[in-house]
Structure formats: structure tokens, C-alpha cells
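Asks: 3D, please:
(2 chains, ligands or ions: 2)
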Amino acid sequence: MAENDTAEMADNGTAEEIIICQDVCKWFGDFQALKDCNLRVQAQEVVVIIGPSGSGKSTFIRCINRLEEHQAGDIIVDGIPLTRDVRNIEQIRSETGMVFQQFNLFPHLTVLENITLAPIHVRKMRKDEARDTAMGLLNRVGIPEQADKYPGQLSGGQQQRVAIARSLAMSPKIMLFDEPTSALDPEMIKEVLDVMQELAETGMTMLVVTHEMGFAREVAHRIVFMDGGEIMEVGTPEHFFTNAQHERTKLFLSQIL
Amino acid sequence: MTTAAGTPSDRSVLPITERYPLVGWLRRNLFSDVFNSLLTLAALAFIIVIARIFLRWVFFTAEWGVIPANFNLLMRGQYPAAEAWRLWLVIYLLGAVVGICWKLIVGQFSGAARVLIAIPFVLMLIPFFSMGSRLNLLITAVASGAGFFIAGYLPIQRRGRAAAYFLIAYLVVMLVLLRGLPGEEGPMPPVQPILWGGLLLSLLLAFFGITLSFPLGVLLALGRQSKLPAVRIMSVIYIEFIRGVPLISLLFMGQVMLQLFLPDGFPLVDRVLRALVAITLFSAAYTAENVRGGLQSIPRGQYEAAQAVGLSAYQSTIHIIMPQALRAVIPVLVGQFISLFKDTTLVALVGIFDLLGIARTIISNPDWLGTQQEVFIVVAVLFWIFSYTMSYASRRLERRLGVGER
Ligand SMILES: Nc1ncnc2c1ncn2[C@@H]1O[C@H](COP(=O)(O)OP(=O)(O)O)[C@@H](O)[C@H]1O
Ligand SMILES: [Mg+2]
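Replies: Residues are numbered from 1 along each chain as shown, chains lettered A, B, ... in the order given. Ligands and ions are numbered 1, 2, ... in the order given. Okay, here's the model as predicted:
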């Protein structure tokens, strides 16, 4: 299944733009959180979003799967325009996985049930098939032995890996990550980053908000710097770490590196 | 106790509080200092005095004859004696269904199952039961065991669902048995609900009041959070209206006004049914508020995660939000249901003879003048037994579902 998807995308060539954001604006009341944001993400591209706290990074990626509603501009995901139409929204959500800072696993379900729930009820997959897929994914994130535990019995790193497996179970074309390692103890950060890096190597399209500059440097194809609700600068990691253009980008990088 | 208390000589070296755990417990909790000791002794004296007065009354003064003489009345009201076998059949079947569902849902014969199977045997010890009733209780216990045993051999795949079907089938059969089939001459002549009474009616009102008001309350709780203003406003008006009115006035309104709301030519609704409607509508409003409390305790991240994996609003409510919200409010809901059970006694004021209503007719019977104390104590004990069972069951359920742990 995953192989087919990858092959298909490869056929269309890297020219396919799977996420298109054009002049996206978002207000919370009077406060403008996003100001004319433009970004085009190619299929299989890994884009890392950085920026100071409160700069609108979360808001931006949450607009892409409609956890937040943008009020102006256009967002088109895999050819589907993001409008008020519930069918479009549900289709985009089922093609887009999201990993949250706080994991947000379902505490009343076992790890296996967390992963199989959406495939069974949204994709109408048979139960045993969903189970097999889930076990395959748990193997991939390295914790098959935790299948029958409840999320509360796992460490933070294990929970986040379950959350990644839960998203992957829907065979998404795009994965959104919102500071996936910020709530983790330092010794668990690597296990999650490793899983993400492997995922990137399989050709998954990824949008990652993170402060892990090592990950950005090694895995990202492009880096986006946001500040004050605006996309200030977009470029390759090399560009960012050697000759960033904006003063604020340089300031931010000097603070974080 | 984990100290080297291996041989008797070792043991005798230990201080007395360690040799006998009870002594240690007493010293720590009841006799820790002079003041505490005095308090303990005073309380003990008080308890002994009260207990003596009460026991003397129970064994020497009280005229218990009123209870066996009116036992059937207390248990089933005016339900005809010739049809009482139907009630026993309802109880046998209850035993069997409990056995079957236990096997299907829980599986093994564990702690709480022993409590359940003990119930008929404990009831057999009640002094007022006839030998016939004791035999019937024994049959009930056997039916439970048989249900448990046989369910183990049924070729059933989806056990939870099968248990639900058994329960629904039981409810239908129970209603048919209680109400009877049309035709006065048939094998099961109809028994009008107004003749149902006593403990039977109290339990039925509570049971149907709870099972009918629960789904209604859940819907109202969701309605109150709806994005559609019409739904939200209607829910709020309903909930706030009902909560602002005492149950007794709803019961009176039910008796005199329910018919106004029904279409013309609708057959006159039975008094008991009218009371049940009032109880259900009343309880639903409280259920709604309690469930809303549970809904508000669910973090926003749960809604977001459910949306992000593509669940529809309906699916996320059914699979993610409601299960967690209900778990969080089990203790509150059970408390509310226990209140509801006790509040059913108010139907006595609109001319329906539930357990309390029957008790009042008995003590106003000239033959049994001056037996209020005996009758009311028995009524109180009966209510206590069922209320306590509910709260015990709720605590078991909480522990099983791990409420409070996350
Ligand atoms: N639900 C909300 N209501 C009002 N303001 C919000 C809300 N969510 C975010 N904001 C504001 O929008 C801005 C951007 O927030 P966010 O996207 O979370 O920033 P980041 O993820 O970059 O730290 C912040 O100033 C924040 O206070
Ligand atoms: Mg953020």
C-alpha cells in the first residue's frame, strides 16, 4: 500500500505541488496570527518551520488540516481546495496525519486500538487487516511489545511513537508535526527523531515545526522562518546556516544555536 | 510482620502491639493519647446504650406480625396472587440473564460474581419469606449458574453484542410477563399496571426511569454543546426548566397534563406510565448536567486528535469523547440514580402504591394500628439494600475501568 503510493508520487515527478498556501490570513478576534503566508510544498519534500514562540507556526500548520480555519487566502491540499465543505475537509484530514506536542493519544483505548480506530471506522478496513497493519507500524516505530498496553503506561517517547504510528495507519500522503519532541525528556528525543528521519527517507511529505536544529540541518529540504505571523524567509538548510538574509532570522538563529 | 518472627521465641520478644496486629491498630487509631482514649470510651458507651435500646425493641417490643401478614402486599401490591408465578418467572430469567451476561462480558467467575450468586442465598435467610419463596430463590440461583455454564458453550463471536441482545430480549419478555397477553381467559390474562405495586413497582420505576432517562440525558448534554443555536437553546430551556421545578410538581403535571400533549384520540395513558414519564423527564435533565461536566473535563487535544485522524464529528463523539466523559462521571451518575430510586417514593402522593405507598395503606388499616415503626423500618432496610448494592456495583465498576487514573 505504502509502496504503491510512493511509486505513484514518484511517477508524477517532484514537480507536483501537494500543498499550496496562497496569501493565507488568520485572525483570532482582532489579533492577526497569520499575515499573507505563501508556501508551496512539493510531494516528498521535508519542510521544517522555525521561529520564535508565538510567531504563528502552530497556527499555520493547523490551518492545513483545518484544526484552525483561515479567513482569507487559499489552501489547496493534494488538489483539494480547503473550503467550508465538510466532505473536502474530511478527505483532506484522512490524507493528512498530524503529530502533536502533547501526543493526544486516546487514554481509554489500548495502543493497538488507538492505531486501528480510524482505519476501521474511516477507511472501513476489516478488523484483522487493520490489526496487521497496526502491528507492522508498531514494528516500524520499534515498540511491537507495547501493543496491548494503555497510553498511560508508556514513556513519553513511546507515546509519541505510537502517535506517529496512529497517523501512519491512515496511509497519509502528508504528515504534519507540531513540536513533536518539545514535551519529551532529553533522553527520549532521539528515538522520536530517528523515527521521523526514517519516515522522511521513505519519501513522505513532511511539515515539521521544531527547535531541533540538528534535525533541520540533516533532514529538511527547505527551512521556513516565521516571525510575527509572517513567513520571513524560506531556503535550504545550507542557505540558513551560512547566509541568512533577514536580521531577525540571524538573531533567532544566533539565540537558538 | 516482615521482621524475623519465624519461631515462637522470636515472637514473644516483640512488643505486644507487633505480636497482635489488631492491638497495634487499636493503639494507633483509637487510644493514641489520653484525650483520644476518653473519646473512644465515650463513643463506645454511647453506641452500647443506643444498640441496647434498639435491640430490645427489635426482639421484645416490636410486633413483627404485621410484616408476614402483609408481605405479599409489600412485595407486589395488588398484583393478583394467581398470577404471582409470572413474577417469579421474571426473577428466574433475571438470574439466568445475569449468569449469561457475566460469562459473555466478564468471562471468569471472579470476586463480584461470588457476591452476585450469594444474593439469592442471603435473601433466603430473611425471616419473613415462606418456604415456597425460598425454593423460588434457590431456583433463581440455579438459573444463574446454569446461564453462566451454558453461555460458555454458545458459539458466539461478538460477545458484548450478544449480551446486549440477551438483555433486550429479557426486557421484552419481562414486560410481556408482567403485563400479560390480551384475553381474560388466556393463560396469561392482562394485569393493569395500576395493580403493580410495592417493591416490584419501586424497582420497575427506578429501572425504567434510569434506562430511559440516560440516553435522553446524554442527547441533551450533547444538544447543550451543539453548534446549532436552535438545538442548543431548546436543550438549555428544557434542562433549566426541569431543574427549576420539584419532582412532585412534575408528577402532578404528568397525571393531569400529559394527556393534553398527546394527539386527540390517543388512548388514555395509564397512571403508572404517566408517573414514569414524569420521572424520566426529570432525571434526564440532571443526567444531562452531569454528563456535561464529563464532557468539559475532556481536553481539547482529544477532539483535535480525533479530527486529525479523520473521524467525523459523530464518530469522534461515539468512540472518543463520550466513553471518556461517561467514565469520568460514573460516581456522580450512580449517586444521581440512587437519588432517583429513592425519589420514586413520591409517586405515592399521586395515588400510586409503590413500596412506601403500600406501607402507608398498611399502617392506616385498623387491624394494624400502631405498627408504623415496624413497617417503616422494613421499608427503610429494603431501600438501603438496593441503594447500597448500586453504590457497591459502581465502586467495582470504577475500579475495573480505572476511573481517576490516566
Ligand atoms: N485559540 C487562540 N485564540 C487566540 N489567540 C491564539 C489562539 N491560538 C493562538 N493564538 C495566538 O496566535 C499567535 C500564534 O500562536 P501559535 O501559532 O501557537 O504560535 P507558535 O506555535 O509559533 O508558538 C500567538 O500570539 C497566540 O497567542
Ligand atoms: Mg506552537
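
Asks: In contact with B:Ile50, which residues are there?
Replies: Contacts for B:Ile50 (Cβ atoms under 8 Å, 6 or more residues apart in numbering or on different chains) come out as none. C-beta: built from backbone N, CA, C; applies to glycine.

Asks: In the stretch 1-150 of chain B, where is pLDDT below threshold?
Replies: Applying pLDDT under 70 to the stretch 1-150 of chain B flags residues B:1-14, B:16-18.

Asks: Chain A against chain B: which residues are in contact?
Replies: Contacts of chain A with chain B, taken as Cβ under 8 Å from any Cβ of the partner chain, map to A:65-67, A:90, A:93-94, A:96-98, A:100, A:102, A:104-108, A:117-118, A:121-122, A:152, A:163, A:166-167, A:170.

Asks: Buried ones from those, can you make that a PyMOL selection?
Replies: Selection of buried members from those for PyMOL, criterion 16 or more other Cβ atoms under 10 Å in any protein chain shown:
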select buried, chain A and resi 65+66+67+90+93+94+96+97+98+100+102+104+105+106+107+108+117+118+121+122+163+166+167+170
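
Asks: where does chain A have its least confident helix or strand?
Replies: When each helix and strand of chain A is scored by mean pLDDT, DSSP states H and E, helix A:2-12 comes last, with a mean of 42.

Asks: Most proximal residue of the stretch 101-250 of chain B with respect to chain A?
Replies: Nearest residue of the stretch 101-250 of chain B to chain A: B:Arg158, at 10.7 Å (Cβ to the nearest Cβ).

Asks: Which of the three states applies to the closest residue to A:Glu113 other than its chain neighbours?
Replies: With Cβ to Cβ, 6 or more residues apart in numbering or on different chains as the criterion, A:Glu113 has its nearest non-adjacent residue at 7.6 Å, and that residue is A:Phe106. Three-state call for A:Phe106 (DSSP: H, G, I helix; E, B strand; the rest coil): coil.

Asks: So what's the residue count around residue 56?
Replies: You didn't pick a chain, so chain A it is. 24 (other Cβ atoms under 10 Å in any protein chain shown).

Asks: Oops, wrong one, chain B.
Replies: That count, for B:Arg56 with other Cβ under 10 Å as the rule, works out to 11.

Asks: Let me know the helix or strand that it is in.
Replies: helix B:34-56 (DSSP states H and E).

Asks: for the helix or strand following that helix, packing partners?
Replies: Later in the chain than helix B:34-56, the nearest helix or strand by DSSP H and E is helix B:66-69. Judged by 3 or more Cβ pairs under 8 Å, 6 or more residues apart in numbering or on different chains; DSSP states H and E, the packing partners of helix B:66-69 are helix B:372-401.

Asks: what angle do the helix it packs on and helix B:34-56 make?
Replies: 130 degrees (axes from the mean of the first three to the mean of the last three Cα atoms, to 10 degrees).

Asks: related to what we said a few turns ago, A:Tyr150 is in contact with the residue nearest to A:Glu113, correct?
Replies: No: with contact defined as Cβ atoms under 8 Å, A:Phe106 does not count as touching A:Tyr150 (9.4 Å).

Asks: before we move on, the earlier item: which element follows the least confident helix or strand of chain A toward the C-terminus?
Replies: Following helix A:2-12 toward the C-terminus (DSSP H and E): strand A:17-28.

Asks: Report the backbone C-alpha coordinates of the next helix or strand after that next one in PDB.
Replies: Downstream of strand A:17-28, the first helix or strand assigned by DSSP H and E is strand A:31-42. This file holds the C-alpha atoms of strand A:31-42, laid out as PDB (Å, rounded to 0.1, in the frame of the first residue of the first chain):
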ATOM      1  CA  PHE A  31      -5.300  39.700  16.600                       C
ATOM      2  CA  GLN A  32      -3.800  38.700  13.200                       C
ATOM      3  CA  ALA A  33      -1.900  35.500  13.700                       C
ATOM      4  CA  LEU A  34      -1.100  34.800  10.100                       C
ATOM      5  CA  LYS A  35      -0.300  37.500   7.600                       C
ATOM      6  CA  ASP A  36      -0.400  36.700   3.900                       C
ATOM      7  CA  CYS A  37       1.500  33.400   4.200                       C
ATOM      8  CA  ASN A  38       2.700  31.800   0.900                       C
ATOM      9  CA  LEU A  39       4.200  28.400   0.700                       C
ATOM     10  CA  ARG A  40       4.300  25.600  -1.900                       C
ATOM     11  CA  VAL A  41       5.400  22.200  -0.800                       C
ATOM     12  CA  GLN A  42       6.400  19.600  -3.300                       C
END
